[in-house]
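Visitor: show me how the following folds:
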Amino acid sequence: MTQSRRVASVAPLLLAAALAACGQNPPQANAPPPPTVTVAKPVQRGVVDHDEYVGRFVAIDSVEVRARVSGYLEKIHFRDGQMVKEGDLLFSIDRRPFQNALDQARANLAQSRANQTFAEADYKRGELLVRDRTMTEQAFEQRKQAYASATASVTANEASVRQAELDMQFTELRAPVSGRIGDRRVSPGNLVTGGTSGTTTLLASIVSLDPIRFEFTFDEASYLRYERFSRSGKEVTGREGGVNVALKLIDEPKFDHSGYMDFVDNVIDRTSGTIRGRAVFSNPNGVFIPGMFGRIRVPGSPSYVAVLVPDSAVGSEQVRKFVYVVGPDDTAAIRYVTLGSLNGGLRVIKDGLTADDRIVVNGLMRVRPGQKVTPQAQPAAQAPQGHQAPAGRQAQAK
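Guide: Numbering: from 1, shown residues only. The predicted model follows:
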């Protein structure tokens, strides 16, 4: 060290010693004032926890339109993909062969009825003759048998007429349910196969859209939690129907679609360990279609009174969550809390906080545990306008 540097380092010490000898203290720096923070008391209100699941829409009615009689397809009465109502005419099969069969069946019926009339008259004459003993018992039994046979023939031909009439009706295929029809599978002029076998010709398919069902699965632990609530008289899953649920599509930010639960399955899938639930939603605009994905929010608990704070008031310390609580002496203290779900822009605090605590809602970065602060009160804890918790924080809270 050079001589000049040594003198420069000693000079302040000599000055301090001189001032001390004169009874004067060296000047000290002023302490910074306590930081100003905004504090508020938590909000207390009734809330319901919600669980979210991913599922798919399924049609209440899904029908394959197949030919019931064999013949040549004559005409198609719809546009591919249009909405149809129950009873609308969809396909026409050439009915001329079936009209001929019906006419023949009616002619056979008329003939059998004429035979029945003659046999009946012959039988009644036989009753008088056999009573006067002018006819043998054997001849009378023959007339009786002829009358019974004619009556049976009438019954058989009546059935043939009814079947022929049905076949005539089946040449016009009508929509069995209301909904949206798919594309035609067969063009006019093709021979279609009908009947009840597995080789019948598929002509089109129809799915109902309004209302529509939404199916999803949830795990065994959630099922047990729901069942225990139900047994205590607090229905949350809607096994008996009527519990309100909400839904959003994959491109929607909020659960804006309302529906209700109508079914919970009676078995747990042994492969996945999940059970199937089902909800019903109105679909007047036909936006929901079978097979579409969605996210459903169902009640996860009965209604209870909870403590809520703005999500921005919650800090993170590795995996633990905390808030700053300001005591009566304006000293900030850290308070570890257990988070619940977001509710109306506020975060539910399940444990670690009371409704009488004053929490820091603005200025967290300026606060340290055990530090004095200058609190500025606001009426009640409120979520900032347009505030939404980051996705990572929401995921940690679940």
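Visitor: who's in contact with the top strand by length along the chain?
Guide: Longest strand of the chain, by residue count under DSSP state E: strand 332-343. The list of residues contacting strand 332-343 from outside it, by C-beta atoms under 8 Å, 6 or more residues apart in numbering, reads 37, 47, 49-50, 306, 308, 311, 314, 320-327, 347-353, 357, 359-360, 367-373, 389, 394, 396-398. The C-beta positions use only the backbone N, C-alpha and C, and glycine is treated the same way.
Visitor: equivalent analysis for stretch 172-188, please.
Guide: Taking C-beta under 8 Å, 6+ apart as the criterion, the residues outside stretch 172-188 that touch it are 59, 61, 63, 65, 67-68, 73-76, 78, 80-93, 95, 192, 201-209, 286, 289.
Visitor: ok, residue 247 - contacts?
Guide: Remark: with contacts taken as C-beta under 8 Å, 6+ apart, residue 247 is in contact with 214, 255, 257, 258, 259, 279, 281, 294, 295, 296, 297.
Visitor: and with 7 Å instead?
Guide: Residues in contact with residue 247, defined by C-beta atoms under 7 Å, 6 or more residues apart in numbering, are 214, 255, 257, 259, 281, 294, 295, 296.
Visitor: same question, residue 153
Guide: By C-beta under 7 Å, 6+ apart, residue 153 lies in contact with 112, 115.
Visitor: what is the subsequent helix or strand relative to the helix or strand where it lies?
Guide: Under the assignment given by DSSP states H and E, the secondary-structure element containing residue 153 is helix 137-170. Scanning forward in sequence from helix 137-170, with DSSP H and E defining helices and strands, the next element found is strand 172-174.
Visitor: now do that next one, average pLDDT.
Guide: pLDDT averaged over strand 172-174 equals 94, rounded to a whole number.
Visitor: give the buried residues for it.
Guide: If you call a residue buried by 16 or more other C-beta atoms under 10 Å, then strand 172-174 has these buried ones: 173, 174.
Visitor: list the strands paired with that strand, with their directions.
Guide: Each strand that pairs with strand 172-174, with its direction, by DSSP bridges: strand 89-93 (antiparallel).
Visitor: buried stuff in the strand it pairs with?
Guide: Buried residues in strand 89-93, counting neighbours by 16+ other C-beta under 10 Å, are found at 90, 91, 92, 93.
Visitor: wait, the last one sits on residue 70?
Guide: To tie it back to what came earlier, the one meant is residue 93. No: with contact taken as C-beta atoms under 7 Å, residue 93 and residue 70 are classed as non-touching, separated by 8.4 Å.
Visitor: give me the common contacts of the two.
Guide: With contacts taken as C-beta under 7 Å, 6+ apart, residue 93 and residue 70 have residue 192 as neighbours in common.
Visitor: next step: the contacts of residue 247 restricted to strands.
Guide: Helix and strand membership here follows DSSP E; of the contacts of residue 247, those in strands are 214, 257, 259, 281, 294, 295, 296.
Visitor: and residue 337, how far is that from residue 343?
Guide: When distance is defined by C-beta to C-beta, to the nearest Å, residue 337 is 15 Å away from residue 343.
Visitor: strands of the stretch 101-250 of the chain, start to end?
Guide: With DSSP state E, counting those that start in this stretch applied, the stretch 101-250 of the chain shows strands at 172-174, 179-181, 191-192, 202-207, 212-219, 244-248, listed in chain order.
Visitor: oops, could you answer that again for the stretch 251-398 of the chain instead?
Guide: Secondary structure of the stretch 251-398 of the chain (DSSP E, counting those that start in this stretch): strands located at 257-264, 274-281, 293-299, 304-310, 315-317, 320-326, 332-343, 346-351, 359-362, 374-377.
Visitor: those: which one's closest to residue 223?
Guide: Closest approach to residue 223 among the strands of the stretch 251-398 of the chain (C-beta to C-beta): strand 274-281, 5.2 Å.
Visitor: before we move on, back to that, out of residue 337 and residue 343, which sits in the more crowded spot?
Guide: residue 337 (22 against 18; other C-beta atoms under 10 Å).
Visitor: what's the closest non-adjacent residue to that one?
Guide: Once flanking residues are discounted, residue 337 sits nearest to residue 352: 3.6 Å by C-beta to C-beta, 6 or more residues apart in numbering.
Visitor: ok, that neighbour - contacts?
Guide: Applying C-beta under 7 Å, 6+ apart, one finds that residue 352 lies in contact with 335, 336, 337, 338.
Visitor: break the protein into its domains for me.
Guide: As given by automatic domain parsing, the domain ranges for the chain are 36-47+304-397, 51-60+209-299, 95-170.
Visitor: ok, how many other residues are close to the residue nearest to residue 59 when sequence neighbours are not counted?
Guide: The spatially closest residue to residue 59, leaving aside those adjacent along the chain, is residue 207, at 3.9 Å (C-beta to C-beta, 6+ apart). Look at residue 207: counted by other C-beta under 10 Å, it has 20 neighbours.
Visitor: bridging residues for residue 207?
Guide: When bridges are called by DSSP bridges, residue 207 pairs up with residue 62, residue 180.
Visitor: so what's it up against?
Guide: Listed by C-beta under 7 Å, 6+ apart, the contact partners of residue 207 are 59, 62, 179, 180, 290.
Visitor: and for residue 328?
Guide: Going by C-beta under 7 Å, 6+ apart, the list of residues near residue 328 is empty.
Visitor: swap in 10 Å and give it another go.
Guide: residue 358 (C-beta atoms under 10 Å, 6 or more residues apart in numbering).
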